[in-house]
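A.B. asks: generate coordinates for the sequence data below:
(2 chains, ligands or ions: 1)
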Amino acid sequence: MTQNIAPSPPPLFRLPPDRRPDVPVLFEGQTLLALKGETVASLLLRHVDAGAFRREERRGEARAPLCLMGVCFDCLVTIDGQDNQQACLIAVKPGMRIARQLTAGGAL
Amino acid sequence: MTEPDLLIIGGGIAGLSAAATARDLGLSVTLADERPAPGGNILAGAEAPPKGIASALTRRGAALIAAARAADFRPATQALRIDADLAVQLVTGTGPVETLHPKRLLLATGAVERPVPLPGATLPGVMMAGAAQLLLKTSGALPAGRTILAGSGPLLLLVARQLLAAGVRPVALVETTPHQSLGQLVATLPAARHAPGLVAQGAGMTLALRRAGVPWLRQASALTIQGTGRVETLRFHDAKGRAQELAADLVLLHDGVIPQDQATRLLHCAEDWHPGRQAYEPRADLWGETSRAGVFVAGDCAGVRGALAAEQAGILAALQIAHQLGRIDAGKRDALAREPRRLLDRQSAFRPFLDARFPPRLADPAGAEESQVICRCEGVTAGALRMAIRQGATGADQLKSFTRCGMGRCQGRSCSLAMTRILASETGTAMEDLRRQGVRAPLKPVPLGQIAQEGEA
Ligand code: FES
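C.D. replies: Residues are numbered from 1 along each chain as shown, chains lettered A, B, ... in the order given. Alright, predicted model coming up:
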């Protein structure tokens, strides 16, 4: 249900050099380092192309986080096997498994 | 503690200050917030603010957060269901559902950004300005590509300034704020006089933006976002009505904020349309008690008046709750309320200035094209809504069941106000005379399994 991270275009956000992420999480089989306490959405916005963040269930349109405050539900991901989690409301934990939902009508 | 004196939902400035006051007066308090850390929007990241974000407010906030963390604070916790007898179902993460029976309930759920149904607003690369600010405050993350800020309101200018301070230069600031004549500004001056500090702050912000030389296009209109699969360009009309187009990777939109009111609507609290703030607001007395006895509101969820007002409103609600529960007599309550009330009144008096200066203009749903998506979850367009209204769906709940507008995962959070606006304009009804679509439990979709494991822990 997932596809590999597209090499381009680059993610929408970046970290300034003084921030050192050191919390390892497992994103679709690959280890990413997150900042302690940051949300899953915050992490993914620095690592995946926004155009391949999520597909909505009805028509398979590409969507990405809009509000980061729990309102829009366009940030849904699968966390530790549980579908449709609001990535903007969930903090990273060491070893957390994160996957996108990129199939229309897939994870429901 | 399943029967606290007070359950507060929302750990922003209002909820935090209410919790501190209530605990000082000897009440047992449970504070629940859906986010992983307390602070809400204004105090997000206040425990370790990045350079240039710390202020007197964030320092006070950090102390309130420390106090909350020492008490019964439940992060990552959603209220799923609130019954009239104040039985409240809470769920933390993927854990079991727990039911609390507080003696009083304070809703301090804050504000959300006014939804902006613009052409192209569902494209990846469109975000709300407040979202970018949250990232900046909580993780220091910065936009990596070409960034445009568009819309209207103090927050838009603040985010522009904060990005500049962090070394990010936006491609442009496209402001939809209308031009104000001298007469109009003078008319709001009495309000502005109540908070000269805030007016000066605004002027300073404007100056900083001018100095930075970011292209600042004012009185823009007819904004549309284009792109295949992601944002590519922003088109708009400039002040002279000429068509403009700018390339962008990230478009940050803002059109002011409105109360986050799912919980008061679930409880059928009486509400009123506030024409100045262009929003529905729960009706409440001077202490924040709603039309449902025992249910209080404080902060922006009771009507947007900003962080400083929210801080005081939280204190006032806690005082009245302590009084109702017999901890303090009316004399002590009133004495303790004097200073918070004075500060709150001052903020409330200033607010009309901001409301008049920054009316929402970015996306008027009443004038939306037929193809405009109103309900992001179900893909319902303005045209589909108008057609259903013509076919007889002239009530909000009817319109919802005809079109599925508001039936998706977000349960109307992103479309309810826009849908109501279209309903008002199509039926020639005033906003204050409309009944909005109902809100039902659960307030957030949860897997059935989680509800089934309910334990009265
Ligand atoms: S980004 Fe809007 S709900 Fe998560």
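
A.B. asks: how near is the residue nearest to the spatial centre of chain A to residue B:83?
C.D. replies: Most central residue of chain A, judged by C-alpha distance to the mean C-alpha position with Cα atoms, centre = their mean, is residue A:44 at 4.0 Å. Counting by Cβ to Cβ, to the nearest Å, the gap from residue A:44 to residue B:83 is 37 Å. Glycine gets a C-beta too; all of them are placed from N, C-alpha and C.

A.B. asks: residues in contact with the residue with the largest distance to the centre of chain A?
C.D. replies: Ranking residues of chain A by C-alpha distance from their mean position (Cα atoms, centre = their mean) puts residue A:18 at the top, at 22.6 Å. Residue A:18 makes contact with residue B:140, according to Cβ atoms under 8 Å, 6 or more residues apart in numbering or on different chains.

A.B. asks: looks to me like it is in a strand.
C.D. replies: No - if the criterion is DSSP: H, G, I helix; E, B strand; the rest coil, then residue A:18 is coil and not within a strand.

A.B. asks: burial measure for the nearest residue to residue B:294 once chain neighbours are set aside, as a count.
C.D. replies: Nearest residue to residue B:294, sequence neighbours excluded (Cβ to Cβ, 6 or more residues apart in numbering or on different chains): residue B:104, at 5.3 Å. Residues lying near residue B:104 (other Cβ atoms under 10 Å in any protein chain shown) number 25.

A.B. asks: just the strands in chain A please.
C.D. replies: Along chain A, counting by DSSP state E, strands occupy A:13-14, A:23-27, A:30-34, A:54-55, A:62-63, A:76-79, A:82-86, A:97-99.

A.B. asks: any part of the third one near chain B?
C.D. replies: No - using Cβ under 8 Å from any Cβ of the partner chain, we find that strand A:30-34 stays clear of chain B, coming within 9.0 Å at best.

A.B. asks: also the fourth one?
C.D. replies: No - for strand A:54-55, no contact with chain B is found by Cβ under 8 Å from any Cβ; the gap never falls below 8.6 Å.

A.B. asks: where does the chain dip in pLDDT?
C.D. replies: As the question left the chain open, I've gone with chain A. The model of chain A has pLDDT under 70 over residues A:1-8, A:104-108.

A.B. asks: my bad, the chain I had in mind was chain B
C.D. replies: Judged by pLDDT under 70, the stretches of chain B that qualify are B:1, B:52, B:181-183, B:185-186, B:188-200, B:448-449, B:451-457.

A.B. asks: for the residue nearest the centre of it, give the beta-bridge partners.
C.D. replies: With distances taken as Cα atoms, centre = their mean, residue B:111 lies nearest the centre of chain B, 1.6 Å away. Per DSSP bridges, the residues bridged to residue B:111 are residue B:259.

A.B. asks: hmm, it is touching residue B:260, no?
C.D. replies: Yes - the criterion here is Cβ atoms under 8 Å, and residue B:111 meets it with residue B:260 at 6.0 Å.

A.B. asks: residue B:366: what secondary structure?
C.D. replies: Classification of residue B:366 using three-state DSSP returns helix.

A.B. asks: the closest residue to residue A:39 other than its chain neighbours: neighbour count?
C.D. replies: Leaving out its chain neighbours, the residue that sits closest to residue A:39 by Cβ to Cβ, 6+ apart is residue A:88, at 5.4 Å. Per other Cβ under 10 Å, the neighbour tally for residue A:88 reads 29.

A.B. asks: what separates residue A:88 from residue A:53, distance-wise?
C.D. replies: 11 Å.

A.B. asks: what residues are shared contacts of these two?
C.D. replies: The contact sets of residue A:88 and residue A:53 overlap at A:65, A:75 (Cβ under 8 Å, 6+ apart).

A.B. asks: which residues in chain B form helices?
C.D. replies: In chain B, the helices defined using DSSP state H lie at B:13-24, B:56-69, B:129-139, B:154-165, B:182-193, B:196-212, B:262-266, B:307-324, B:330-357, B:382-390, B:396-403, B:416-427, B:448-452.

A.B. asks: pick the most deeply packed of these.
C.D. replies: Comparing those by mean neighbour count (mean count of other Cβ atoms under 10 Å in any protein chain shown), helix B:13-24 ranks first with a mean of 27.

A.B. asks: who's residue B:97 bridged to?
C.D. replies: Residue B:97 has the following beta-bridge partners by DSSP bridges: residue B:91.

A.B. asks: number of residues surrounding residue 12?
C.D. replies: All of this refers to chain A. Using other Cβ under 10 Å, residue A:12 has 29 neighbouring residues.

A.B. asks: switch to chain B, that's the one I care about
C.D. replies: Neighbours of residue B:12 under the rule other Cβ under 10 Å: 30.

A.B. asks: same check, this time on residue A:23
C.D. replies: So residue A:23, with other Cβ under 10 Å, has 18 neighbours.

A.B. asks: which residues does it bridge with?
C.D. replies: Counting by DSSP bridges, residue A:23 is bridged to residue A:34.

A.B. asks: endpoints of stretch B:105-115, how far apart?
C.D. replies: Start and end residues of stretch B:105-115 are separated by 28 Å (Cα to Cα, to the nearest Å).

A.B. asks: count the residues that sit near the closest residue to residue B:295 other than its chain neighbours.
C.D. replies: Spatial nearest neighbour of residue B:295, excluding adjacent residues (Cβ to Cβ, 6+ apart): residue B:105 at 5.0 Å. Applying other Cβ under 10 Å, we find 24 other residues in the vicinity of residue B:105.

A.B. asks: ok, now which ones touch residue B:105?
C.D. replies: Residue B:105 is in contact with B:6, B:7, B:8, B:9, B:82, B:86, B:88, B:294, B:295, B:296, counting by Cβ under 8 Å, 6+ apart.

A.B. asks: what do you get for residue B:164?
C.D. replies: Counting by Cβ under 8 Å, 6+ apart, residue B:164 touches B:170, B:208, B:209, B:212, B:214.

A.B. asks: go with 6 Å
C.D. replies: residue B:212 (Cβ atoms under 6 Å, 6 or more residues apart in numbering or on different chains).

A.B. asks: and what of the one 4 residues further on?
C.D. replies: With contacts taken as Cβ under 6 Å, 6+ apart, residue B:168 has the following neighbours: B:142, B:143.

A.B. asks: separation between it and residue B:21?
C.D. replies: Distance of residue B:168 to residue B:21, given as Cβ to Cβ: 39 Å.

A.B. asks: and what of residue B:380?
C.D. replies: Using Cβ to Cβ, residue B:380 is found at 43 Å from residue B:21.

A.B. asks: nearest to chain A within the stretch 251-400 of chain B, name that residue for me.
C.D. replies: Residue nearest to chain A within the stretch 251-400 of chain B: residue B:379 (5.6 Å; Cβ to the nearest Cβ).

A.B. asks: what is the burial count for the residue lying closest to that residue once chain neighbours are set aside?
C.D. replies: Nearest non-adjacent residue to residue B:379, counting by Cβ to Cβ, 6+ apart: residue A:58, 5.6 Å away. Using other Cβ under 10 Å, residue A:58 has 13 other residues around it.

A.B. asks: what values do phi and psi take at residue A:58?
C.D. replies: phi -70, psi -60 (degrees, to the nearest 10).
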